[in-house]
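Colleague: missing the sequence, but the structure's below:
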């Protein structure tokens, strides 16, 4: 590869900034220009994790890491071995950002502020000589001979560069990727990947704010089953267990028009026999207590009361009056509770899509297009997405770094 004179990175999100930094550091004599169609950069970084930015996940084993990507999976091994979680952790630490790990494995800046991540990316890019152009909407890429690209902007202005790295993020509609399809790249139709479940006809929404910390969620009709905290909302259900299920089932759920059923095991740490022993013991040791006053389930009290009432059991009934039949009914609702889902809710500024530029069009050791040798891709513009927990940012850092090498 001859030394590039001008490198254009299109899209100033997480992958774009990391690609631009990588390009500038690997090719210090090149001019690196970063284009963003809006007047804001790193928008998703800024709002992610409730404004704290879930930078990555504390999963340093590459084989285990690959299982977090329903779209990508083992194909991503090459980039993760070049720049994986350990390198990501070290990069932020070496650039003055201390990271901390929470109980669920998510990693955040120790400042608990996403602005810390925004600042280090912007400052590092600026110090590396990256030139940022806001409100520069690229509408077309045109091959310009064997060694150059012509970039056309919405203003009709043009620019010629040696290399292009596309990091425009996910698009909610296929139309947003037409400009890449015009370059003979296959586009996998995008559909939402991380979203919450709407349950307009379910009374459980009255428990908004309640969290079951150790739930299991199964999508009926599939093999998809996830574990983790489940949050009841005023529109249905959310939380890591739900978001993981939405990611794993993204395309199937879209085909069902988001009308399906889920099965909930409210406390996955107990199997049928464990529940049986626990409830029978309660009936003996707490015989004179009311069902509503003695909650052996480790579930929030409001949820326990709701489940009793869902079964038609009076919260005033004594444990001694429960009986074996009702014990088995109670076990069934604790381990096999079903809810009808009618629709989804996505957070527009944080949307993640399943779909994008097909991975078989990309050399995943270098992130280079197999169709155009001086064209590279990184981030969610590709058909790569992950479950919740920092994995999508990891793909952005890794693919951006590798793309910027221009291998």
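Modeller: In hand now; what should we look at? Quick caveat: nothing in here was measured; it's all calculated off a predicted structure.

Colleague: what about the helices in the stretch 1-150 of the chain?
Modeller: 14-26, 43-51, 62-66, 77-82, 85-94, 114-127 (DSSP state H, counting those that start in this stretch).

Colleague: Mind checking these for the one nearest to residue 370?
Modeller: Among the helices of the stretch 1-150 of the chain, helix 77-82 comes nearest to residue 370, with 14.2 Å by CB to CB. The way it works is simple: take the backbone N, C-alpha and C, and place the C-beta from them, glycine included.

Colleague: Which of the helices of the stretch 1-150 of the chain sits closest to residue 102?
Modeller: helix 43-51 (10.1 Å).

Colleague: Report the distance from stretch 230-241 to the chain centre.
Modeller: Relative to its chain's centre, stretch 230-241 lies at 16 Å (CA atoms, centre = their mean, to the nearest Å).

Colleague: contacting residues for residue 282?
Modeller: 294, 296, 319 (CB atoms under 8 Å, 6 or more residues apart in numbering).

Colleague: give me the element it is part of.
Modeller: According to DSSP states H and E, residue 282 maps onto helix 272-285.

Colleague: Can you name the secondary structure element that comes next after that helix?
Modeller: helix 301-310.

Colleague: Off-centre distance for the following helix or strand past that next one?
Modeller: Where DSSP H and E defines the elements, the next helix or strand beyond helix 301-310 is helix 323-335. Offset of helix 323-335 from its chain centre (CA atoms, centre = their mean): 36 Å.

Colleague: which intervals of the stretch 201-350 of the chain have sub-threshold pLDDT?
Modeller: 347-350 (pLDDT under 70).

Colleague: And residue 247, how far from residue 353?
Modeller: 11 Å (CB to CB, to the nearest Å).

Colleague: Report the contact partners of the nearest residue to residue 13 once chain neighbours are set aside.
Modeller: Counting by CB to CB, 6 or more residues apart in numbering, residue 13 lies nearest to residue 169, which is 5.2 Å off, once chain neighbours are set aside. For residue 169, the contacting residues are 11, 13, 15, 44, 379, 380, 381, by CB under 8 Å, 6+ apart.

Colleague: Spatially central residue for the protein, please.
Modeller: Nearest to the mean C-alpha position of the chain, by CA atoms, centre = their mean, lies residue 388 at 3.9 Å.

Colleague: How is that one assigned, secondary-structure-wise?
Modeller: Assigned with DSSP: H, G, I helix; E, B strand; the rest coil, residue 388 falls in the coil class.

Colleague: wait, isn't it in contact with residue 240?
Modeller: Yes - contact criterion CB atoms under 8 Å: residue 388 and residue 240 qualify, at 5.7 Å.

Colleague: Fine by me, thanks again.
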